[in-house]
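# Make a model of this:
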Amino acid sequence: SLKEATHLFHGVLTRREKAEATRNALAVMTRYKFLFQLPINIDRNIKNEDVDVIINDYARALNLFGKTEVSVFKKILEEVETKIMNIRINLKSKLHQMPSTLKQQKKIIR
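Numbers count the residues shown, from 1 in each chain. Below is the predicted model of the structure:
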């Protein structure tokens, strides 16, 4: 009967829907991997003192997601903005530290 068929396939259909939702979530994460990994990449590049990569990644993120209305993306961009502000403060304080050579100051400015 229809009732038995519905009962038998309900579990199968529920699992299928969950699997599809998981696949969709993974596809979104893969598609926007750059943005999701940006905060961690910024931290790694700070440790490596690779400011050029940070600047390029930040500019790319703003270009791609700067006007987004997606709340998850906005939250990530807020975290990135906080990290960028801390980098700016840190670089400014390094410029004001004495003594520093002209070569060190040029490196900080670049």
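# domain assignment for the chain?
Using automatic domain parsing, the domain ranges for the chain come out as 1-31, 34-109.
# any idea of the mean pLDDT for the longest one?
Same thing as domain 34-109. Taken as a whole, domain 34-109 carries a mean pLDDT of 89.
# distance between it and the chain's centre?
Distance of domain 34-109 from its chain centroid, counting by Cα atoms, centre = their mean, to the nearest Å, is 12 Å.
# you'd agree V53 is up against N45?
Yes: contact criterion Cβ atoms under 8 Å: V53 and N45 qualify, at 4.9 Å. Heads up, the C-betas are built off the backbone N, CA and C, glycines and all.
# of these two, who's got more company?
Counted by other Cβ atoms under 10 Å, V53 and N45 do not tie: N45 has more neighbours, with 18 against 13.
# sec struct for that one, please.
helix (DSSP: H, G, I helix; E, B strand; the rest coil).
# Who are the contact partners of it?
When contacts are counted by Cβ atoms under 8 Å, 6 or more residues apart in numbering, N45 touches 51, 53-54, 57.
# Using PDB, write out every CA atom in stretch 52-69.
Output of stretch 52-69 as PDB, limited to C-alpha atoms (Å, rounded to 0.1, in the frame of the first residue of the first chain):
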ATOM      1  CA  ASP A  52      53.000  41.900   0.300                       C
ATOM      2  CA  VAL A  53      51.000  38.700   0.200                       C
ATOM      3  CA  ILE A  54      48.700  40.000   2.900                       C
ATOM      4  CA  ILE A  55      48.000  43.200   0.900                       C
ATOM      5  CA  ASN A  56      47.400  41.300  -2.300                       C
ATOM      6  CA  ASP A  57      45.000  38.800  -0.600                       C
ATOM      7  CA  TYR A  58      43.200  41.600   1.200                       C
ATOM      8  CA  ALA A  59      42.700  43.600  -2.000                       C
ATOM      9  CA  ARG A  60      41.500  40.500  -3.800                       C
ATOM     10  CA  ALA A  61      39.000  39.700  -1.000                       C
ATOM     11  CA  LEU A  62      37.600  43.300  -1.000                       C
ATOM     12  CA  ASN A  63      37.300  43.100  -4.800                       C
ATOM     13  CA  LEU A  64      35.500  39.800  -4.700                       C
ATOM     14  CA  PHE A  65      33.400  40.200  -1.500                       C
ATOM     15  CA  GLY A  66      33.500  43.800  -0.500                       C
ATOM     16  CA  LYS A  67      29.800  44.500  -1.300                       C
ATOM     17  CA  THR A  68      28.500  41.100  -0.200                       C
ATOM     18  CA  GLU A  69      25.200  40.800   1.700                       C
END
